[in-house]
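>>> model this:
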Amino acid sequence: MTKGKTSTKRWVGDVKTVSTFPPKSLFTKDAATIAEAMADKKVSPKGIGSGIRMIQFFINRAGRGLSPIRREELEKAKKLLQEGPGRRSGSERKRL
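Reported below is the predicted structural model:
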């Protein structure tokens, strides 16, 4: 590359995922739908950890172009995945 020229190609555009296979337009849905899809073995064969990382990758890749509402929904989806179906948050355990 010569001095003064900038590349319009971004490395992140070429990044491919081999551990998760999310359906097209999944990240435009609500948090519960995203979490449910990412917990599926067909989408995240290596477990929910890879699903959480994929959501975070999407958030990072979107950057400033991601609206605060969409970011909040994706963060909720991550939290739902972290809690998992059999886990309860600390406040829920204290109530029992």
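
>>> could you pull out the strands for this protein?
Taking DSSP state E as the criterion, the chain carries no strands.

>>> Low-confidence stretches in it?
1-20, 85-96 (pLDDT under 70).

>>> now do 80
Low-confidence segments of the chain, defined by pLDDT under 80: 1-21, 85-96.

>>> Helices of this structure, start to end?
31-39, 48-62, 68-83, 90-95 (DSSP state H).

>>> Mind putting the ones you listed into JSON lines with mean neighbour count and distance to F21?
Where C-beta positions appear, they are placed from N, C-alpha and C, glycine not excepted. Putting these into JSON lines (neighbours: other CB atoms under 10 Å; distance: least, CB to CB, whole Å) gives the following:
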{"stretch": "helix 31-39", "mean neighbour count": "19", "distance to F21": "10"}
{"stretch": "helix 48-62", "mean neighbour count": "17", "distance to F21": "9"}
{"stretch": "helix 68-83", "mean neighbour count": "16", "distance to F21": "16"}
{"stretch": "helix 90-95", "mean neighbour count": "8", "distance to F21": "32"}
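
>>> can I get these in JSON lines with distance to P22?
Below are these laid out as JSON lines (distance: least, CB to CB, whole Å):
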{"stretch": "helix 31-39", "distance to P22": "7"}
{"stretch": "helix 48-62", "distance to P22": "6"}
{"stretch": "helix 68-83", "distance to P22": "11"}
{"stretch": "helix 90-95", "distance to P22": "28"}
